[in-house]
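> What follows is a predicted structure for the sequence shown.
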Amino acid sequence: MASSDWRLEGEWIKNCNCAFGCPCDFNALPTHGFCKGMVAMRITKGHFEGTKLDGLVFAATVDFPGALHEGNGKMQPIIDERATPEQRQAIFNIMSGKNSAEGTLFQIFSLIVTTIHDPLFVPFEFSFDKNGRVARLLAKGVLETEVEPIKNPVTGSPHRIQVVMPEGFEHRSAEVASANIHSTGAIKFDTEGTHSSLANVVQTPQGVAA
């Protein structure tokens with residue numbers, strides 16, 4: 001049982017190589033049989049024990065040979081270079097899953113990821129408009145992703161879809177959008193016009209709080 005005191009409130013991006021409407025959210029298989037993607041969060045307010053994390057950004061690129069629940073995944077953490085040594089350790093403590101209850105986001109990742117590449121500490125640029133389905137993340141020299149609304153294939157008009165997950169371990173609800181990803185770190189891949197989820201989340205040791 002998790003006993004640490006931590007909380008992350010912020011803006012959450014999940015982009016991957018699957019078609020719009022991430023199959024993982026529906027307990028279905030990845031669109032192409034494997035998953036390459038990234039997650040990122042800008043922490044608007046957060047802490048781990050006595051270490052404040054407000055304003056920092058962290059991300060991770062991932063590579064799974066099959067469905068996520070089948071495991072054998074690889075991950076590379078990418079951390080805001082502005083984080084102090086104490087803040088970096090606090091983020092690692094959260095990402096490790098060792099301070100989270102069973103069945104929560106970071107605990108699940110600790111079970112399905114078997115290879116963790118060396119973390120990178122880089123400058124970030126982060127913009128986020130959930131309702132507008134527009135976002136951009138630049139982790140300098142290693143990862144860039146842009147998000148825009150899905151377009152109606154006939155009219156070209158923006159197409160709006162939301163996913164609501166009352167018992168979700170990642171978020172409660174998200175806007176679904178279209179992503180391009182260019183990843184050049186240990187997990188290299190590119191996507192164009194693939195899935196994106198944009199959400200405001202609150203994560204705690206007991207899971208999603210909002």
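Structure's in. What do you need? Numbers count the residues shown, from 1 in each chain.

> what helix or strand does Asp54 sit in?
If you go by DSSP states H and E, Asp54 is not part of any helix or strand.

> before we move on, what about Phe106?
helix 105-112.

> Could you check that helix and say which residues are buried?
Within helix 105-112, the residues scored as buried using 16 or more other CB atoms under 10 Å are Leu105, Phe106, Gln107, Ile108, Phe109, Ile112. C-beta coordinates here come from the backbone N, C-alpha and C atoms, glycine included.

> just the residues you listed now: which is nearest Val142?
Phe109 (19.5 Å; CB to CB).

> what residues are up against the closest one?
Gly73, Met75, Met95, Gly97 (CB atoms under 8 Å, 6 or more residues apart in numbering).

> Could you measure from it over to Ala186?
Distance, Phe109 to Ala186, by CB to CB, to the nearest Å: 16 Å.

> do the same with Phe92
Taking CB to CB, one finds Phe92 at 17 Å from Ala186.

> same thing with Gly97?
20 Å.

> and the two? which has more neighbours close in?
Gly97 (19 against 16; other CB atoms under 10 Å).

> Which strand residues bridge the residue nearest to the spatial centre of the chain?
Nearest to the geometric centre of the chain sits Val39, at 2.0 Å (CA atoms, centre = their mean). Beta-bridge pairing for Val39 (DSSP bridges): Lys14, Ala60.

> for it, what are its contacts?
Trp12, Ile13, Lys14, Asn15, Ala59, Ala60, Val62.

> And for Gly66?
Gly66 neighbours (CB under 8 Å, 6+ apart): Leu29, Pro30, Gly33, Phe34, Cys35, Asn72.

> could I get these as a markdown table with distance to Ala19, neighbour count and secondary structure?
Output for the contacts of Gly66, formatted as a markdown table (distance: CB to CB, whole Å; neighbours: other CB atoms under 10 Å; DSSP: H, G, I helix; E, B strand; the rest coil):
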| residue | distance to Ala19 | neighbour count | secondary structure |
| --- | --- | --- | --- |
| Leu29 | 12 | 17 | coil |
| Pro30 | 9 | 21 | coil |
| Gly33 | 12 | 9 | coil |
| Phe34 | 13 | 14 | coil |
| Cys35 | 12 | 22 | strand |
| Asn72 | 22 | 13 | coil |
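
> Quick one: residues contacting Val208.
Val208 neighbours (CB under 8 Å, 6+ apart): Thr104, Leu105, Gly168, Phe169, Glu170, His171, Arg172, Val201, Val202.

> can you check Thr104 too?
Listed by CB under 8 Å, 6+ apart, the contact set of Thr104 reads Ala2, Gly97, Phe169, Gln203, Pro205, Gln206, Gly207, Val208.

> Residues in a beta bridge with the residue lying closest to the fourth one once chain neighbours are set aside, which ones?
It refers to Gln203. Nearest residue to Gln203 in three dimensions, chain neighbours excluded: Leu8, at 4.6 Å (CB to CB, 6 or more residues apart in numbering). Note on Leu8: beta-bridge partners by DSSP bridges are Gly46, Gln203.

> Now do Leu8 against Phe169, distance only.
Distance, Leu8 to Phe169, by CB to CB: 14 Å.

> what about those two, which has more around it?
Neighbours of Leu8 and Phe169, each counted by other CB under 10 Å, are more numerous for Leu8; the result is 24 against 15.
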